[in-house]
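> Just a sequence and a predicted model for now, questions to come.
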Amino acid sequence: MSPSDRTNDLVARDLAHVWHPFTQQSVWGDDDPIVVDRAEGMYFWGSDGTRYLDGVSSLWVNVHGHRVPEIDAAVRAQLDRVAHTTFLGLTHEPAIELTERLLGTAPPGLTRVFYAGDGSSAVEAAIKMAFQAAAQRGEHRPRFVHVREGYHGDTLGAVSVGGIDLFHATYRPILLDTRMVSSPGVLQPGQTRVERAAEVLVELAELLAAEDGLVCAVVVEPMVQAAGGMLTHDVSFLRGVRALCDQHGAALVADEVATGIGRTGRMWAVEHAGVVPDLLTCGKGLTGGYLPLSAVLTTEAVYAAFLGSPASGRTFFHGHSYTANPLCCAAAVANLDLMAQHSTVARAERVGELIGEWTAPLAGYDGVREIRRVGTMTGIEVASVGERTGFAVCQEARRHGVWVRPLGDVVVLMPPLAIGDDDLRQLVDVVSDAIRTVVR
Ligand SMILES: Cc1ncc(COP(=O)(O)O)c(C=O)c1O
């Protein structure tokens, strides 16, 4: 079969029965789907042989590129030992090693690790933990506070603390009873981010006072509300949230699924503000972008609330068939080792600076509303020139060998942390040209 016949055949079979995530299936076939065949370094290839630069790290997960020899070898070696055993009532070396490695990087005071699968399931575990810990300390705190434009995943607990109407409004009738504050990243005209942070903190203070001891946790995405459109905020927001949580006995949940593992040019985004949360979720880049694995890091104080006799009912009755899968853990250990060896977090910081420098000319362009960035996490908000402008920009970039995926009219650049200068330059140049072509 010729490459193009094979591609057509695969696409037809996909269209016949496959249902894709976050995808309007009625137009998916019209968008000329790429069938990914293989990948190497910063690139992947479609089944027709076309090469694409992976400009969004396969949805914000990839760290060192694709087919990294060290991670490949670690997964293969683990396959030769055992692919999977349950983590309920058993343990294994990859998970133990990973826990030590992860805590070696963690903000001080985070000493316990609970594993989950995707980012959503880590958030789900974290909010259940916060609620149960409070309950087991004798406090009735049934409420969560979260932030407008926030995104924490698509399971119902995570949706409950989400704030993006397009994704979440449909489900409101079946969600937890939560309270939402405004986004510190959505500015009023003429307002600075510092002013906006102060304004939202006043709102939060009033809310926590009104809820009077009923709030068990405040859930935030530190530094960048990613899926909300790469909305960035000032460090004073996180510091203020920490102080208000302390004042009102609420836990601070920092969802670092998108921002963690070096993405913002620090290992953890909370480091920018010098804040330590009570619970920190991570996922995405944890395995270097290889396999689904997420984790909740927490304190001895939260952990201690779950201790008691087996009959006490204080156990955290939560977990999954594939919790702490050994292949995933082996990939994550290899990833963290490589990050340490190659100073990948420092590289991410540099990559972010270069993105800032090279996208600067776009800032003066009429078709660009704002460029927002922390570390490698970049959103270029373009003016709307019809339906799906962001998507049109990405399709134009695709014609020039660069794969990026927008958030509405925000064009996202989020390359693997270890991307080299030449590939990064190509990414920025192609996307800049695509914006100039589409948004006139
Ligand atoms: C901050 C944040 N939390 C949670 C999630 C959910 O992660 P997953 O898609 O792996 O379930 C995401 C996904 O983009 C995210 O950005």
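Right, received. Where do you want to start?
> Alongside the ligand, which residues does the stretch 51-200 of the chain contribute?
Residues of the stretch 51-200 of the chain lying close to the ligand (CB under 6 Å from any ligand atom) are 118-120, 123, 151-153. From N, CA and C alone the C-beta is placed, and that goes for glycine too.
> which one among the residues you listed gets closest to the ligand?
residue 119 (2.2 Å; CB to the nearest ligand atom).
> which residues sit in contact with the closest one?
Going by CB atoms under 8 Å, 6 or more residues apart in numbering, residue 119 touches 152-153, 255, 257-258, 281-284, 294.
> 10 Å instead, please
Going by CB atoms under 10 Å, 6 or more residues apart in numbering, residue 119 touches 60-61, 151-155, 158, 255-258, 260, 281-284, 286, 292, 294.
> Put the buried members of the residues you listed into a ChimeraX selection.
Here is the ChimeraX command that selects the buried residues among those (16 or more other CB atoms under 10 Å):
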select :60,61,151,152,153,154,158,255,256,257,258,260,281,282,283,284,286,292,294
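> circling back to that earlier point, just checking, which of the residues of the stretch 51-200 of the chain next to the ligand belong to helices?
Within these, residues falling in helices by DSSP state H are 119-120, 123.
> for these, which one is nearest residue 369?
Among those, residue 119 lies closest to residue 369 (CB to CB), at 27.9 Å.
> Could I get the pLDDT score of that closest one?
In this model, residue 119 is scored at 98, pLDDT.
> Next one: residue 294 relative to the ligand, how far apart?
Distance, residue 294 to the ligand, using CB to the nearest ligand atom, to the nearest Å: 7 Å.
> That residue - nearest residue in space that isn't next to it in sequence?
When the adjacent residues along the chain are set aside, residue 294 lies closest to residue 283, with 3.2 Å between them (CB to CB, 6 or more residues apart in numbering).
> circling back: can I get the residues of the stretch 51-200 of the chain next to the ligand in JSON lines including distance to residue 50?
JSON lines is the format used below for those (distance: CB to CB, whole Å):
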{"residue": "118", "distance to residue 50": "29"}
{"residue": "119", "distance to residue 50": "30"}
{"residue": "120", "distance to residue 50": "32"}
{"residue": "123", "distance to residue 50": "36"}
{"residue": "151", "distance to residue 50": "31"}
{"residue": "152", "distance to residue 50": "35"}
{"residue": "153", "distance to residue 50": "32"}
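> How many neighbouring residues does residue 25 have?
10 (other CB atoms under 10 Å).
> what's the neighbour count on the closest residue to it other than its chain neighbours?
Leaving aside its chain neighbours, residue 25 sits nearest to residue 19 (6.4 Å; criterion: CB to CB, 6+ apart). Counted by other CB under 10 Å, the residues lying close to residue 19 total 8.
> quick one: contacts for residue 314?
132-133, 135-136, 305-308.
> For these, work out which two are farthest apart.
Farthest apart among the contacts of residue 314 by CB to CB are 135 and 307. That separation is 14.2 Å.
> So for these two, which residue has more residues nearby?
Neighbours per residue, other CB under 10 Å: of residue 135 and residue 307, the larger number sits with residue 135, 15 against 10.
> isn't residue 191 right up against residue 199?
Yes - in this structure, residue 191 is within contact of residue 199 by CB atoms under 10 Å, at 7.7 Å.
> So for the two, which sits in the more crowded spot?
residue 199 (16 against 13).
> Flag every residue of the stretch 251-400 of the chain that's near the ligand.
Counting by CB under 6 Å from any ligand atom, the residues of the stretch 251-400 of the chain near the ligand are 255, 257-258, 283.
> Sort out for me which of these are in strands.
Under the assignment DSSP state E, those contribute residue 255 to strands.
> how about TSV for the residues of the stretch 251-400 of the chain next to the ligand, with pLDDT added?
Shown next, in TSV, are these (pLDDT from 0 to 100):
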residue	pLDDT
255	99
257	98
258	98
283	98
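> Who's the closest spatial neighbour of the most centrally placed residue in the chain, skipping the chain neighbours?
For the chain, the residue nearest the mean C-alpha position is residue 258 (1.9 Å; CA atoms, centre = their mean). Spatial nearest neighbour of residue 258, chain neighbours left out: residue 226 (4.0 Å); criterion: CB to CB, 6+ apart.
> What's the separation between the one you found and residue 172?
22 Å (CB to CB, to the nearest Å).
> Start from the N-terminal end of the stretch 251-400 of the chain and give the strands.
Here the stretch 251-400 of the chain has its strands, by DSSP state E, counting those that start in this stretch, at 251-255, 279-282, 294-298, 368-374, 377-382.
> Those: which one's closest to residue 13?
Using CB to CB, the nearest of these to residue 13 is strand 294-298, at 30.9 Å.
> Noted, bye for now.
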